[in-house]
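Q: Provided below for reference: sequence and predicted model.
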Amino acid sequence: MHHLPRFLQTQYDAIVADPPYGWFNSRPSLIELMCDYAKIKPGLTALEPNGGSGILACAMRDRGLSVEVAELDPRFQIILKQLGFR
């Protein structure tokens, strides 16, 4: 994944090998399309209730949104924290 620091790649690879609760990773092109259709604007606040690897949360943050993230899986929680989410 392009947005993960190199030191988290091993953690991410382990999650992909044994994904939690039916998790699947969205393609970056789909994330960009979703953000375009949502017509999000800088300064808005968004909730990502299933943060996963953070790909959607990072895309929204990159577009200037303040993003709150929730995630149940402790492995993803570690990645999200390292990406700067609480």
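A: All right, it came through fine.

Q: going forward, measure contacts and count neighbours with C-alpha atoms only.
A: Fine.

Q: does residue 76 count as helix, strand or coil?
A: helix (DSSP: H, G, I helix; E, B strand; the rest coil).

Q: Past the one helix or strand in the chain whose mean pLDDT sits lowest, which element shows up next along the chain?
A: Least confident helix or strand, the chain: helix 9-17 with a mean of 87, by mean pLDDT, DSSP states H and E. Sequence-wise, the next helix or strand downstream of helix 9-17 (DSSP states H and E) is helix 28-38.

Q: in that next one, what counts as buried?
A: Burial within helix 28-38, assessed by neighbour count using 16 or more other CA atoms under 10 Å, is assigned to residue 31.

Q: May I have it as CSV, with CA atoms only?
A: Taking C-alpha atoms only, helix 28-38 is exported to CSV below (Å, rounded to 0.1, in the frame of the first residue of the first chain):
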residue,chain,number,x,y,z
PRO,A,28,-7.0,3.3,-4.6
SER,A,29,-8.8,4.1,-7.9
LEU,A,30,-12.2,3.3,-6.2
ILE,A,31,-11.3,5.4,-3.2
GLU,A,32,-10.5,8.4,-5.5
LEU,A,33,-13.8,7.9,-7.4
MET,A,34,-15.7,7.8,-4.1
CYS,A,35,-14.1,11.0,-2.9
ASP,A,36,-14.9,12.7,-6.2
TYR,A,37,-18.6,11.6,-6.2
ALA,A,38,-19.0,12.7,-2.5
